[in-house]
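> just need the structure, nothing else, for what follows:
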Amino acid sequence: MSVDEYGELTNSKETYQEIASTLSSWGGIVIGWTDGMGSHYDILFTYHPVVKGSLQGGLKQGYLFVSIMRMGCFAFDIEQQYTEPSYYGEKLGLYAGITLPKIADLINGVKKELYTKGNKT
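Modelled structure (predicted):
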């Protein structure tokens, strides 16, 4: 994975691949991530969690669940390989700004890697 001088993860194909690989093997990973411009987020990715009861809001088993600590969480279909930053902002409780496109790149990159590796829902 790509890290900065402080040991925080940064966006790169290698980062997306490692997150996707860990999710495929273990089902979850939490990362300390930076946009490279001074913002830090702790982000929990979960894939194929055990589901009991019915989910609401269009959420389904096989979606990528993303939780940004102290902000918000939602789940996203990995078959939808590109999602607009504004949609992530709405669902995760993030404001538009310089960080949101970087978070969108991170989530879209992980979704693409999961989908490419045959983890289709």
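> which elements pack onto the stretch of helix or strand residue 18 belongs to?
Counting by DSSP states H and E, the element that carries residue 18 is helix 13-26. Applying 3 or more C-beta pairs under 8 Å, 6 or more residues apart in numbering; DSSP states H and E, we find helix 13-26 packed against strand 28-34, strand 40-47, helix 99-116. Using the backbone N, CA and C atoms, a C-beta is placed for each residue, glycine as well.
> can you list contacts of it?
If you take C-beta atoms under 8 Å, 6 or more residues apart in numbering as the criterion, helix 13-26 is touched by 1-2, 9, 29, 31, 45-47, 64, 106, 109-110, 112-114, 117, 119.
> ok so, going back, just the helices and strands packed on helix 13-26: most buried one?
Highest mean neighbour count among the helices and strands packed on helix 13-26 (mean count of other C-beta atoms under 10 Å): helix 99-116, with a mean of 20.
> ok and that one relative to helix 13-26, angle-wise?
On the basis of axes from the mean of the first three to the mean of the last three C-alpha atoms, to 10 degrees, helix 99-116 is oriented at 50 degrees to helix 13-26.
> fine, thanks again, bye for now.
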